[in-house]
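Peer 1: show me the folded form of this:
(2 chains)
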Amino acid sequence: MALPCPAHRAATNPLRHTPRTHPSAKLALKIRAFYAKDPPVYLELQQRLLAQVREIIRSKYDVELGAIAIEQPPDLKLGEFALPVAFELARKLRKAPRIIATELAADLAAALTPAAGFAGFEAAGAGYINARLNRAAISAQLAVSEGAARTSPLHVLVEHTSINPNKAAHIGHLRNAILGDTFVRLLQAAGQRVDVQNYIDNTGVQVADVVVGFVHLEGRTLDQVRELITAAEGQTGNARFDFLCWDVYARVSQWYSAGTEDEQKARKALRYATLHEIEHGGNETAAVAELISTAVLRRHLETMQRLGITYDFLPRESEILHLNFWALAFELLKAKGVLYFETEGKNKGCWVMTRPGAETTEGTVDEDAKVIVRSNGTVTYVGKDIAYHLWKFGLLGRDFGYQPFYDYPSIQDEPAHTCWISTESGVADHPHFGGAQAIYNVIDSRQSDPQANVIQALRGMGHTAEADRYTHFSYEMVALTPRCAVELGYDVAAEDLSRPYIEVSGRKGFGVKADDLIDKLIAATRKETDTRHPERPEAERQQTAEQIAIGALRYFMLKYTRNSVIAFDFKDALSFEGETGPYVQYAIVRARNIFRKAGLTPEAVLAGLAAAGPDSLLNSADEVWGLWLRAAKRGFVLDQAIATSEPALVARHAFQLAQEFNNFYHKHHILTEEDAGKKQLLLATAAIALRELVTVLAWLGIESPEVM
RNA sequence: GGGCGAGUAGCUCAAUCGGAUAGAGCACCGGCCUUCUAAGCCGGGGGUUACAGGUUCGAUCCCUGUCUCGCCUACCA
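Peer 2: You can find the predicted model right below:
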C-alpha cells in the first residue's frame, strides 16, 4: 500500500551496504530505446552526431569509448552542440586536444553534411568540437512537427494522492497530486498507456481517530453522522465536511494526550478498539467509518478536480483486508523463501525478511531483519503492501471487485470518464486494473525504506523485471515558513522561528488546506481580471481567473526539483510574476494577440513557411533561432523528465521558452514589419513558440487562457 | 549509534553522466507604455559553491575527513 500518512507509518531500518542506484535507471533505458524508433528533432540530431563521432574515433584511432558527453556551447554563436571528447582522447593518443578536435571536426564535416542537418564543425577553445546546425532545414522540419507518434506502449500504473480519508487535503497533498498528475501527462505524451490510482486507507488509525471524535467526543450516532454529511454537501469554506473533520481530528489527537494517566490509557484502548472494529467490518463503528471516509474521499476528489486531476481507480485497504490479499501473498513469500520463521533473538516467533543489502552470516541471528508477520500472527503494514504490489504487477492471482464511484465530465479535449472503486463483489461489467508492466508510486521521501522493502520482496521472489520497473517517485514535504505559520495564527515556538521551515501536522491541525489556498488564489486572480477586463462577461472573467490561479498553483508545485523541501509562503505562492505559471500563460496570450490582430492562424503561417535563405534572420538573429532550437528540445526534455522522474525539467523548459519569447516579442514588432519575407519568418517564430508553449503547459496540466 | 538527503548571490532555487565566463526568480537601485497587452522588457550591484585535503587536462558535481541542518530508524496501525 502507499502508506499515505508518513507520520503514522512505521518505516523499517535503512538499506545497509547497498549503494543507491537511481531507481528508474533500467526503466529509463527501456523508454529511451522506445523513443529511438522515432525520436524528436533535437534528440535525433544529438544521437546522429554521437553515433558518427563514435564511429570516426573507432576507425581513425582504434579507440572504443563508453558514454560520450554532449552539451550545448555557452553561446549560440559557437554552435548548437559541443563535444569535449578530445580532452578525453588526449592522454590515450598522446596528442594535444586541440589537434584531435581539429582532426575530428574535419572528418565530421565530411560525414555529416547540411543534408543531414549539420552546417559545419570546428575546433574551439582548448579542444572542444563545436557543431553547427542547418537552421533552415531544421526550422522547416519543426514547422511540420516536433517528434512523431510512438507505438507499442508500456502499460504503466501511477499511484498518487493517497490521502488518508479523515480530513481536508493540505498543501503537502497538493504537491503529491500535482507531481503525480503531471507525471501521468508526461507518460501519456510519450505514448504510454497509463492507469491512475489513488490508494485509500479507509481502515487505518487516522480514520479511527475521527470516528472516535464524532462518536465519543461529540456523541453522534450513525444517523446523525449521515445527517451531518448530507447537510455539508455542496457547502463552501469551513462548512465543507472534510474541513469539519480537520478540526475533529486535531481535537481527538489532543484529547488522547490530555487527562490523567489512567484516562490516557483508556482513551488509547478506545482508539485501538475502534480501529479493530473498523478493520473487522460488519458493525456500526465500521459503518460510521465507511460513511466518513467515503464522504471525505468525495471531497478530496472534488478538490483535485478543481486542479484538473482525475483518477481511474481507487483501491481501498478494506478490500485488501477482506479479500485476503495477504493470505495469498504469505504463501507465495514462504514458498519462495523470502520469509523465514525466526526462532531466536528479539524477533523470535515472527516471520521476517532479510533487508535489502543486509549481510547475513550463517549460524547467526539477523536481529535487523524486517518483521512481516508478528509473533501474534498479525501482518504488518509492509506485508500488506507487498500483497498489494503483487496485485499491481498481476502476480497475486486475485483481483478486486469493481464498482463505479465518481463521474468526470468531458473537459476540453479529454473525454468523460468514470472513476472506479474497489468492493468485495462489485459489478459484472468492469474494466480491469492492475497487471501493469511498470509502476510509479508518488510517495514522500520519508517512506523510502518501506518502499525499498517491498521492492526487495519482489526481487527476492524472483520478480526482478518487476522490481526494476518499480519506481518510488519520492519527493520532499511542503513545510511552512515560520512567518507563514505566524500569519495563520499558530503558536510558533521560539526555536522554530529561526528555522527555515516548520513541518505541517494534521494531528495538530497545523497547515494550509488545499481548498483554502485555491480559493485564495482564485480571489486574487479574479480581482485582476475584473480590473483588466471589466467589459467581458463575468463567466469569462471567472474562467480566466481560475485558469490563471490553477496555473500559478501547479507551476509553483512543479518548479522545485523533487528532493527540495518547499518552504511555503503565501507571498511566493500568490505571486504571478517572474518564474510562475502566469508568466508562461502571459507569453501565450501575447502570441495569440498577434495572430488575432493579423487575422491569421499559427497553423496556416507554419504551413506556408518558405525555406529560409542564407541571409535569413534565422542565421543572423540568435533570439529568433534560439526559440526554434528551444522548440526542438521538447522531446529531449520529455525524455529527460521521464528518465529522471523529474517534472521540474519540463516546468523549467516552459519558463525558458516563455522568457525567450518575451525577449523576442520585445525586439521584433511583427505586425508593423515591412519586409514581407522577414515578417513571415517572425510570424512563424511566434507560431512555433505558441505551439510549444501551449503543448508544454498542457503537459503540466496548465491551461492557456485567451486573454489575461 | 546507523541509513538517506541537503548546505551554491540578502532570500528561494537551477546548473543536461566531470567541461568553456556557476545561472534564474524574488528583493534592492536605475531606465522603458501613443506600438502585437507593462502579469512585460532592458541595465546595475551582488559568489572563496559550508570547511580541509585528494583524484583529474578540467570539480558545485567524484573520493576521504570535519562542521551544520532535515528526514528515517518500533512485532503500533
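
Peer 1: for chain A, give me the ranges with low pLDDT.
Peer 2: A:1-39, A:147-151, A:359 (pLDDT under 70).

Peer 1: could you chop it up by domain?
Peer 2: Domain assignment for chain A by automatic domain parsing gives A:6-26+A:154-475, A:41-144, A:482-573, A:581-699.

Peer 1: out of the ones you listed, nearest to residue A:706?
Peer 2: domain A:581-699 (6.5 Å; C-beta to C-beta). For the C-beta atoms, the positions are set from N, CA and C on the backbone; glycine is no exception.

Peer 1: helices of the stretch 151-300 of chain A, start to end?
Peer 2: A:171-189, A:205-212, A:222-232, A:241-257, A:261-280, A:284-306 (DSSP state H, counting those that start in this stretch).

Peer 1: of these, which is nearest RNA strand B?
Peer 2: Smallest distance to RNA strand B across the helices of the stretch 151-300 of chain A (C-beta to the nearest atom of the strand): 3.6 Å, for helix A:205-212.

Peer 1: with RNA strand B in mind, check whether that closest one reaches it.
Peer 2: Yes - against RNA strand B, helix A:205-212 shows contacts by C-beta under 7 Å from any atom of the strand at residue A:205.

Peer 1: for stretch A:503-516, same thing?
Peer 2: Yes - taking C-beta under 7 Å from any atom of the strand as the criterion, stretch A:503-516 and RNA strand B are in contact, through residue A:503.

Peer 1: before we move on, back to that, can you redo the domains of chain A as CSV with mean neighbour count and distance to residue A:708?
Peer 2: Shown next, in CSV, are those (neighbours: other C-beta atoms under 10 Å; distance: least, C-beta to C-beta, whole Å):
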stretch, mean neighbour count, distance to residue A:708
domain A:6-26+A:154-475, 19, 18
domain A:41-144, 17, 27
domain A:482-573, 17, 7
domain A:581-699, 19, 5
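
Peer 1: residue A:705: which of those is closest?
Peer 2: The closest of the domains of chain A to residue A:705 is domain A:482-573. By C-beta to C-beta, the value is 4.8 Å.

Peer 1: not counting its neighbours along the chain, what's nearest residue A:576?
Peer 2: Excluding its sequence neighbours, the residue lying closest to residue A:576 (C-beta to C-beta, 6 or more residues apart in numbering) is residue A:582, at 4.0 Å.

Peer 1: same question, residue A:433
Peer 2: Nearest one to residue A:433, counting by C-beta to C-beta, 6+ apart, is residue A:313 at 4.5 Å.

Peer 1: show me what the one you found is bridged to.
Peer 2: Residue A:313 forms beta bridges with residue A:197, residue A:420, as assigned by DSSP bridges.

Peer 1: quick check: it vs RNA strand B, distance?
Peer 2: 22 Å (C-beta to the nearest atom of the strand, to the nearest Å).

Peer 1: and if you look at residue A:629?
Peer 2: 12 Å.

Peer 1: part of a helix, is that residue?
Peer 2: Yes - secondary structure of residue A:629 (DSSP: H, G, I helix; E, B strand; the rest coil): part of a helix.

Peer 1: what's the closest non-adjacent residue to it?
Peer 2: residue A:80 (6.3 Å).

Peer 1: let me know whether that neighbour touches residue A:133 as I believe.
Peer 2: Yes - taking contacts as C-beta atoms under 8 Å, residue A:80 lies within contact range of residue A:133: 4.6 Å.
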